[in-house]
Every structure is written in C-alpha cells, then in structure tokens.
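quick one, fold the following:
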Amino acid sequence: MNSSSTVILAIALFIIMLGMGLSLVKNDFTRILKHPKAIILGLANQIILLPIIAYFLLSIYPTTPEIAIGVMILAACPGGPTSNLIAHLAKGDTALSVSLTAISSLITIITIPLIVNFALTQFIKVGQIIQLPIAQTIAQIFAIVLIPICIGMIIKAKRPEFAINMAKPVRTASGVVLILVIAGIILKEKANIIPYFKQAGAITLALNVVTMALGYFSSKLLNLAPKQAVSISIESGIQNGTMAIMIATVLLSNTTFAIAPAIYSLIMFGTGGLMIVFFGKRAKSM
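Numbering: from 1, shown residues only. Just a heads-up that it's a prediction; the model follows:
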C-alpha cells in the first residue's frame, strides 16, 4: 500500500475505536466484577482459544505462508464494534458484548505482537523471517486503539447527547472506509484474488463458525443466560478485521498478509446475518 492508503487505514481504525469509545461508560470496564463468569469465559475464548484454534486449523488445512500469517493476525485481534451491533440485533446481551470488546481491545495491545511474531516464525522460511518490534508495536496499537477510545469516553461523559447522535455517523463512516480499503486490496491483488479466496475463504469461514460455536456451547455448559451465550458466541467469532488489515499493511508492510482478514471481513457479515436471523427469531418465539 502507498503512504496515502496507509494514512487512510490508520485514520479509519482511529475513527472506529473513537466510535467504540462514544458508546462506552466506566461500568463497561468494571462489569467483570459483577459478572465475572461471563466476562472471563468470553475473554478466554477470544484471547486464548481463538489463536489456538486458528493455529490448529492451519496445521490441518494446507495454505500459503501469507494466508496463514493473515489468519493468525486476524485471530490475534479483538472483537470490533461490528460484533456489538450484531449482538444487539441478534437479541444478545449488548452490555456484555460491549464490555468484552472494550476489555479485549486493551488486553490485545500486549498480546497481538506476541501472537503475530509467533506466526511469523512458524510460517516464514528461515532467512526470510521478519518480526514486529514488540515495544514499538505496543506503542503504535496503543495510540490507534486506546487514545481514541479514551477520547470517545470523555466525549460520552461530557456530552452524552452529542455522543449518541454521533454514534451512527461514525459507524457508517468507518464501514465505508473499510469497504474502500478491502476494494483497494482486492484491486491491487486482482490477478491472485480468486486463488487467494479459494485458499483463505474456507479456513476463515471455518475459524469464524468454529469459534462462534465454541462461544455458544461453552456458555451453555457454564449455565449462562441465553442472551449472554449469544453475545459470547458472537464475540468469540467476530473479529476486528480493520485492525488485522492495518497490522498487515501498515506494521508489516505486506498487502498479501491482509488478504485473509479482507476475505474474512466479507464472510463475517454473512455469518453475522445468519446469527441475527436465527437468534432474533428465537428470541421473539420465547
């Protein structure tokens, strides 16, 4: 990607995280004290089990190193604001979904460089290995994730009506930019996009479906409320594709690493839509 595209993508992620901050309050971070079982399960599924499942799928499904690294980058990322919207429309526990997204966004500032560096050493040939500088990467993700969240939360606290009014335009703007970024990646890699889709489509779909199933059934196993199970399912399987694309193209300067997250970003709207239809109808019948 050229320098202007890099700046646009960084701004897009900043806007997305700002939008998340506009919807957050202090209780979203302290809710773990009130509902520890649901929060801990959701975080364990997303931060620990998701990368493990991704690595297991990659070990049994043959793919290129670039696609494998893209999948691991995706698995290292937290949930995004899209997961909160899907959880809301699917009649899940929206407050739990927002809390999981917020807390995981903070934790993954530390875990992303560790998981991505592990993936780079596992899938890149000896002599070609590149690594993310951990301290610098943490600082960059901190700037793009935590700072806009804090700004959004301050605006929410000081100007709640303005924050409510801005939530939808910010979501719309971030969605438009994400579509443009994905379109740009596809255009740049148009000669390879069909082979890439064949390689990345199945494994990203499998990762999405398996982790959502894990989130739902692990919640039922721990006797959590149905709404909590829906939210944990969605948070376990719907990742922040924009952040994954940013890490691939900006921090690692490799567009091919962004192919899997880009394809996943398209797939998740399909599976998310199915979740909305299934659980939304189920909630109405109860």
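
low-scoring stretches of the stretch 101-250 of the chain, by residue?
125-131, 171, 174-175, 177-178, 181-182, 184-186, 188-190, 192 (pLDDT under 70).

which residues in the stretch 101-250 of the chain form helices?
Under the criterion DSSP state H, counting those that start in this stretch, the stretch 101-250 of the chain contains helices at 134-141, 147-158, 160-188, 193-221, 226-237, 241-246.

which other helices and strands contact the last one?
Taking 3 or more CB pairs under 8 Å, 6 or more residues apart in numbering; DSSP states H and E as contact, the helices and strands that helix 241-246 lies on are helix 3-22, helix 65-76, helix 160-188, helix 259-285. The way it works is simple: take the backbone N, C-alpha and C, and place the C-beta from them, glycine included.

in TSV, list the helices of the stretch 101-250 of the chain along with distance to Phe14 and mean neighbour count.
Output for the helices of the stretch 101-250 of the chain, formatted as TSV (distance: least, CB to CB, whole Å; neighbours: other CB atoms under 10 Å):
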stretch	distance to Phe14	mean neighbour count
helix 134-141	12	16
helix 147-158	5	16
helix 160-188	9	16
helix 193-221	25	19
helix 226-237	22	28
helix 241-246	10	28
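
which of the ones you listed sits closest to Ile60?
helix 193-221 (9.7 Å; CB to CB).

how far does that closest one sit from the chain's center?
With CA atoms, centre = their mean, to the nearest Å as the basis, helix 193-221 stands 13 Å off its chain's centre.

cool, stretch 260-269 as well?
10 Å.

residues contacting it, please?
Residues outside stretch 260-269 that contact it (CB atoms under 8 Å, 6 or more residues apart in numbering): 67, 70-71, 73-74, 82, 178, 181-182, 185-186, 196-197, 200-201, 203-205, 207-208, 237-239, 241-242, 244-245, 248.

repeat that for 6 Å
By CB atoms under 6 Å, 6 or more residues apart in numbering, the residues outside stretch 260-269 that reach it are 67, 70-71, 74, 182, 185, 197, 200-201, 204-205, 238, 241, 244-245.

returning to that earlier point: need the helices of the stretch 101-250 of the chain in CSV with distance to Ala258, can you?
Formatted as CSV, those follow (distance: least, CB to CB, whole Å):
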stretch, distance to Ala258
helix 134-141, 16
helix 147-158, 21
helix 160-188, 5
helix 193-221, 10
helix 226-237, 20
helix 241-246, 5
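
for Ala10, find the nearest of these.
Among those, helix 241-246 sits nearest to Ala10 (CB to CB), with 6.5 Å.

sorry, back to before: which stretch among the helices of the stretch 101-250 of the chain comes nearest Phe123?
helix 193-221 (12.9 Å).

relative to Ala102, which of the helices and strands packed on helix 241-246 is closest?
helix 3-22 (7.0 Å).

if you average the pLDDT over that closest one, what comes out?
Regarding helix 3-22, the rounded mean pLDDT is 72.

beyond it, next helix or strand please.
Remark: after helix 3-22, the chain's next helix or strand is helix 27-34, criterion DSSP states H and E.

against which helices or strands is that following helix packed?
With contacts defined as 3 or more CB pairs under 6 Å, 6 or more residues apart in numbering; DSSP states H and E, the packing partners of helix 27-34 are helix 94-123.

got the buried residues for the helix it packs on?
Neighbour-count burial for helix 94-123, with 16 or more other CB atoms under 10 Å as criterion, is recorded at 94-105, 108-109, 111-117, 119-120, 123.

helices or strands up against it?
Partner elements for helix 94-123 (3+ CB pairs under 6 Å, 6+ apart): helix 27-34, helix 65-76, helix 81-89, helix 134-141, helix 226-237.
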